[in-house]
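In: Kindly generate the corresponding structure for this input.
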Amino acid sequence: MMVDAVVWDIGRVLVQWDFPRIWRDVIPDDAERVAFTTTVVSEAWHFRHDCGEPMADMIAARVAEFPQHRALIERYRTHWLLSVPGPIAGTHPLVERLAARGVPQYSITNFGADAFAMFRPTFPILDHMGAIVVSGEERLAKPDAAIFDLAAARFGHDPARMLFIDDNAANIAAARALGWQVHWFDGDAGALEADLIGLGLL
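Out: Have a look, this model is predicted:
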């Protein structure tokens, strides 16, 4: 089946994401930082933001539970951009090459609305995306089938003719079950490039 469009995940595909890095400067001890980012805050807690809960509400509730850690918890909002330190090696040139060939590109990302509002201006590679479905804005998150259905309708392409690229196996399985073509990204931009070439996109 021909592919008409490429759909990118963002975190850990186009940009590095390192949640504990928010606290690296203020909790330099590795064991102490691991304890804090697994018991007080965590990626699972952060996922509530991806699903639509505002940062302010999350922080207020967590501070009420752990008032002794107020300053550290509030750092989640004030220093969130520290968690996205730079691009993933090799994927940005692929976005540029696809754009140069006129291939439509889109994104489906699990990203909180507040965090995305901070992040988006810092990441101009996303200017190549015709549309971006942000989980926190839609209050739907991958791997829920509903976010893929919403994205397909918004992008205006048959899922069977779109290549979805993601690092998360559950998201890949969900998209495949809905008829999308998929590439499970494991950090190897060369393998992704080969797949794009094989599909006639590059």
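In: switch to C-alpha atoms for all contacts and neighbour counts from now on
Out: Will do.
In: Which stretches in the chain count as strands?
Out: Listed in chain order, the strands of the chain (DSSP state E) span 5-8, 105-109, 132-134, 162-166, 181-184.
In: And those: which comes nearest residue 22?
Out: Taking CA to CA, strand 105-109 is the member of the strands of the chain nearest to residue 22, at 20.3 Å.
In: Check the offset of that closest one from the chain's centre.
Out: On the basis of CA atoms, centre = their mean, to the nearest Å, strand 105-109 sits 9 Å off its chain's mean C-alpha point.
In: do the same with stretch 98-117
Out: Counting by CA atoms, centre = their mean, stretch 98-117 comes out at 9 Å from the chain centroid.
In: How about residues contacting that stretch?
Out: With contact meaning CA atoms under 8 Å, 6 or more residues apart in numbering, stretch 98-117 is reached by 4-11, 49-55, 77, 80, 128-137, 141-142, 148, 151, 155, 201-202.
In: Tell me which of those fall in helices.
Out: 49, 50, 55, 77, 135, 136, 137, 148, 151, 155 (DSSP state H).
In: Report the separation between residue 9 and residue 111.
Out: Residue 9 sits 10 Å away from residue 111, taking CA to CA, to the nearest Å as the criterion.
In: same thing with residue 155?
Out: 18 Å.
In: quick one: which of the two has more around it?
Out: Counted by other CA atoms under 10 Å, residue 155 and residue 111 do not tie: residue 111 has more neighbours, with 25 against 21.
In: List the single closest residue to that one in space, sequence neighbours excluded.
Out: Of all residues not flanking residue 111 in the chain, residue 50 sits nearest, at 4.6 Å (CA to CA, 6 or more residues apart in numbering).
In: Pretty sure the one you found sits against residue 138.
Out: No. If you go by CA atoms under 8 Å, residue 50 and residue 138 don't touch, sitting 9.6 Å apart.
In: quick one: which of these two has more around it?
Out: residue 50 (28 against 15).
In: show me the contacts for that one.
Out: Contacts for residue 50 (CA under 8 Å, 6+ apart) come out as 110, 111, 112, 113, 135, 136, 139, 141.
In: One more: residue 146?
Out: By CA under 8 Å, 6+ apart, the residues touching residue 146 are residue 140.
In: And for residue 151?
Out: Per CA under 8 Å, 6+ apart, neighbours of residue 151: 108, 133.
In: roughly how far apart are it and residue 59?
Out: Residue 151 sits 30 Å away from residue 59 when distances are taken as CA to CA.
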